[in-house]
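In: return atomic coordinates for the entry below.
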Amino acid sequence: IVSNANVSSDRERIYVTYTTVTDMVFQSLDGFEICCQGVTCETNDDVWIPSSISDKSDLTLIIRIRNACTGKPIYGLRYLWHEIPCPYKQAAIYSITDPNLPSPPYMKIF
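Out: Below you'll find the model as predicted:
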């Protein structure tokens, strides 16, 4: 479960911290999307930019903000935010204690 998500002061990274797990396993580094188009993000899925996990520190993931949004105010971050977010058992993030349990979809508006 995500406990916190913060944009770095230089607006180049987003830190996503999880709780209630001891560690995480990655099937993929993908699944995250970032939006820097203001309130347009609320109604237009096409303005969300795919982004990937670039690093991990304990239970905190580091998401690199792609060039299209670098230096701009970040409106939101979401993970697996689609009706069918990924093929069966192919989510990006799983609990280390139960490898059949994927991290749930998540959205944060900053």
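In: OK, contacts around the residue nearest the centre of the chain?
Out: Using Cα atoms, centre = their mean, the residue of the chain that lies closest to the mean C-alpha position is residue 32, 3.8 Å off. By Cβ atoms under 8 Å, 6 or more residues apart in numbering, the contact list for residue 32 reads 50-53, 63, 77-79, 92. Bear in mind the C-beta positions are built from the backbone N, C-alpha and C, glycine included.
In: spatially nearest residue to it (excluding sequence neighbours)?
Out: Of all residues not flanking residue 32 in the chain, residue 51 sits nearest, at 4.7 Å (Cβ to Cβ, 6 or more residues apart in numbering).
In: hmm, that neighbour is touching residue 63, no?
Out: Yes. In this structure, residue 51 is within contact of residue 63 by Cβ atoms under 8 Å, at 5.4 Å.
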